[in-house]
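**Student:** Sequence and predicted structure are below.
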Amino acid sequence: MPIIVVIDDDASTRLLVSQVLKKEGYQVMAAEDGPQGLALVRQLKPALVISDVQMPQLDGFEVLDQIRSDTALAGTAVILLTSLQDRSSMRQGMTTGADDYLTKPFAPQELRQAVSAQMEKRGRAQAMQIKRVDQAVRIALEEQCHKISELYEARMLKALSEQWPESGQIAEDERFASATVLFADMRDYGLWTASLSGAELSEIVQQLYTSVGDTVYLFGARYMQFVGDGMLCVFVDAADTESVNHGFRAMRAALGLASATKRLDGYVRQRWPGRGLPPFSLGVALHSGPVAFASLADLSGRAGQATPMGDTVAAALKLFHGEPRLDWSVAASAQAVSLVSGAVRTGQRALVQISGRSQPLDTLEILGLA
C-alpha cells in the first residue's frame, strides 16, 4: 500500500490522522516536527505528505518548499493542515505548491476524501506516465524493426544473388527417392496478354519473380527454375533441412506464394486502375514422389543445366490443366499431403485426370496450416 508521512507537532492530531488512514489500509509514518518529517520524506519517498502549517523549527510552508525544490521529491502530493481561517494563509499554501489543504478541526470523512482524491490523481498521473513510456518504447521498437528490415533486405539480396545464379547446379543424373515438386503459374495468362502491353506484362512477371523467388528460397528449395510465367521448384531433404521434411517446407512455400499473390494483386490495382484487369492469382500445384535430374546436352554437345524429370514432375506441371479444372489457390496430391499429415487444413477433394497418366491423381485443396 502507498506510504503516507504525517508531520504535526500536536500529538492528538498525529494520532487521529494516523488511525483514520491506517484503517483505510495505508502505511502511515508520523513525525513531530518539520526536520524529522522532512528526513522521513527523503528516506521513504512517500506517495503523500500531510503536514501542519504552524510548527517549530520548520513550518509547513518551509517543508513544502524543500519538497518542491528536491527533484527526487518534487512530484510528491502535499496536503497542508491549518487552523488559520484567513484566506491569505490558504492562498499561500496553494500558490507555494500544495495540492490541497484541510482546516482544523476536520472530520475523519473530510480527511479520507482529501487523501482519496490525491491517490486517484496520483494513479492517473502514473497511468499517463506508463502510456508515455509505452508509446516511446513502441516508437523505438518500430525504428529498430525498420532498421532490422533494411538489414534483412540487404542480406537477402546478397544471399539471393549468390544462391540463384547457381540454381540447378545439381550433380549429373542425381536421383531422389522422395522429393516434392512445386509448380506455380499465372492464371488467365491469355487475358493478361490481351489487356497489357509487353512491357507492362513484363513488369508484372518481374514483380512475381522477385516475390516468389524470395519465398521459395527462404523455405529451402533445392532447385528453382522460371519457365515463362511459371516457376518449377524441387524440395528434397538435405543436411541443413533434415529437421523439417521437404513436404512441409514445400507446403509452407506454397502458402507463402498464395499470400504474395494478394500483395501482387494490390500492386496491379494501384499500378493500372480502371483497366478492368482480371484478379491476379497463381495456381500452385504440389506432388511428391521420386525425382531424377539429368544434364541435357545442347546442340553443340556441351552439358547443359540439370533438369528435373519423371512422373512426379510431369504431374505437378499438368495438375491445373487436368479434368476437372481446379480453381483452388493451392492443390496438392494425396502423396504430398501424406508427408504433412495433421499439419495442414484441407478443403475440397477431387480425382484429377491428367493427360499421359492412366490413373487420376487424388488431389486435395490446401487452405492453410492446421
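**Tutor:** Noted; the coordinates are in hand. Keep in mind that what you see is a predicted model, and the values were worked out from it rather than measured. Residues are numbered from 1 along each chain as shown.
**Student:** The one helix or strand residue 178 maps to pairs with which strands, parallel or anti?
**Tutor:** In this structure, residue 178 is located in strand 175-186 according to DSSP states H and E. Using DSSP bridges, the strands paired with strand 175-186 are strand 230-235 (antiparallel), strand 282-297 (antiparallel).
**Student:** So which bits of that strand are buried?
**Tutor:** When neighbours are counted by 16 or more other CB atoms under 10 Å, the buried residues of strand 175-186 are found to be 176, 178, 179, 180, 181, 182, 183, 184, 185, 186. All C-beta spots, glycine's among them, are computed from the backbone N, C-alpha and C.
**Student:** Pull the contacting residues for the second one.
**Tutor:** Under the criterion of CB atoms under 8 Å, 6 or more residues apart in numbering, the contact list for residue 178 reads 236, 237, 246, 288, 289, 290.
**Student:** cool, the third one as well?
**Tutor:** The contact partners of residue 179, by CB under 8 Å, 6+ apart, come to 222, 234, 235, 236, 246, 288, 289, 290, 291, 312.
**Student:** residues in contact with the helix or strand immediately after the strand holding residue 178 in the chain?
**Tutor:** Proceeding C-terminally, strand 175-186 gives way to helix 189-195 as the next helix or strand, assigned by DSSP H and E. In this structure, residues lying in contact with helix 189-195 by CB under 8 Å, 6+ apart are 186, 201, 204, 229, 275, 276, 277, 278.
**Student:** hmm, which of the residues you listed are the buried ones?
**Tutor:** In terms of neighbour count (16+ other CB under 10 Å), the buried residues within those are 186, 201, 204, 229, 277.
**Student:** pretty sure the third one contacts residue 280?
**Tutor:** If I follow you right, that is residue 204. Yes. Residue 204 is in contact with residue 280 according to CB atoms under 8 Å; the separation is 7.4 Å.
**Student:** tell me the helices in this protein, going along the chain?
**Tutor:** In the chain, the helices defined using DSSP state H lie at 11-23, 34-44, 60-69, 87-95, 108-163, 189-195, 198-218, 246-271, 311-318, 334-338.
**Student:** Mind checking the pLDDT average for the fourth one?
**Tutor:** For helix 87-95, the per-residue pLDDT values average out at 57.
**Student:** Nearest residue to residue 332 in space, please, no chain neighbours.
**Tutor:** Using CB to CB, 6 or more residues apart in numbering and skipping the chain neighbours, the partner closest in space to residue 332 is residue 286 (4.0 Å).
**Student:** What's opposite the one you found in the beta bridge?
**Tutor:** Taking DSSP bridges as the rule, residue 286 bridges to residue 182, residue 332.
**Student:** hang on, the earlier thing: in JSON lines, list the strands paired with strand 175-186 along with mean neighbour count.
**Tutor:** Shown next, in JSON lines, are the strands paired with strand 175-186 (neighbours: other CB atoms under 10 Å):
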{"stretch": "strand 230-235", "mean neighbour count": "24"}
{"stretch": "strand 282-297", "mean neighbour count": "21"}
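**Student:** can you list those in CSV and add mean pLDDT and distance to residue 271?
**Tutor:** Listed next are the strands paired with strand 175-186 as CSV, based on pLDDT from 0 to 100; distance: least, CB to CB, whole Å:
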stretch, mean pLDDT, distance to residue 271
strand 230-235, 88, 21
strand 282-297, 87, 18
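**Student:** nearest to residue 264, of the ones you listed?
**Tutor:** Residue 264 sits nearest to strand 282-297 of all these, at 8.6 Å, using CB to CB.
**Student:** export that closest one as PDB, just CAs?
**Tutor:** The C-alpha trace of strand 282-297 is given here as PDB (Å, rounded to 0.1, in the frame of the first residue of the first chain):
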ATOM      1  CA  LEU A 282      -1.400 -18.100 -59.100                       C
ATOM      2  CA  GLY A 283      -2.300 -21.800 -59.300                       C
ATOM      3  CA  VAL A 284       0.200 -23.700 -57.100                       C
ATOM      4  CA  ALA A 285       0.500 -27.400 -57.600                       C
ATOM      5  CA  LEU A 286       2.300 -29.900 -55.300                       C
ATOM      6  CA  HIS A 287       3.200 -33.500 -55.900                       C
ATOM      7  CA  SER A 288       5.600 -35.900 -54.100                       C
ATOM      8  CA  GLY A 289       7.500 -38.900 -55.300                       C
ATOM      9  CA  PRO A 290      10.800 -39.800 -56.900                       C
ATOM     10  CA  VAL A 291      12.600 -37.200 -59.000                       C
ATOM     11  CA  ALA A 292      15.700 -37.600 -61.200                       C
ATOM     12  CA  PHE A 293      17.900 -34.900 -62.500                       C
ATOM     13  CA  ALA A 294      19.600 -35.200 -65.900                       C
ATOM     14  CA  SER A 295      22.100 -32.900 -67.500                       C
ATOM     15  CA  LEU A 296      20.800 -32.400 -71.100                       C
ATOM     16  CA  ALA A 297      23.300 -31.500 -73.800                       C
END
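**Student:** how far out from the middle of the chain is it?
**Tutor:** The chain centroid and the centroid of strand 282-297 are separated by 35 Å, computed with CA atoms, centre = their mean, to the nearest Å.
**Student:** Ok, stretch 19-36 next?
**Tutor:** When C-alpha coordinates are averaged (CA atoms, centre = their mean), stretch 19-36 and its chain have centres 48 Å apart.
**Student:** And that stretch, what's buried?
**Tutor:** Across stretch 19-36, burial judged by 16+ other CB under 10 Å covers 20-21, 24, 26, 28-36.
**Student:** Repeat that for stretch 315-322.
**Tutor:** Of the residues in stretch 315-322, those scored as buried under the neighbour-count criterion (16+ other CB under 10 Å) are 315, 316, 317, 318, 319, 320, 322.
**Student:** Let me see the residues that make contact with it.
**Tutor:** Applying CB under 8 Å, 6+ apart, the set of residues contacting stretch 315-322 from outside is 181-183, 185, 232, 283, 285-287, 289, 326, 331, 333, 352-357, 360-361, 363.
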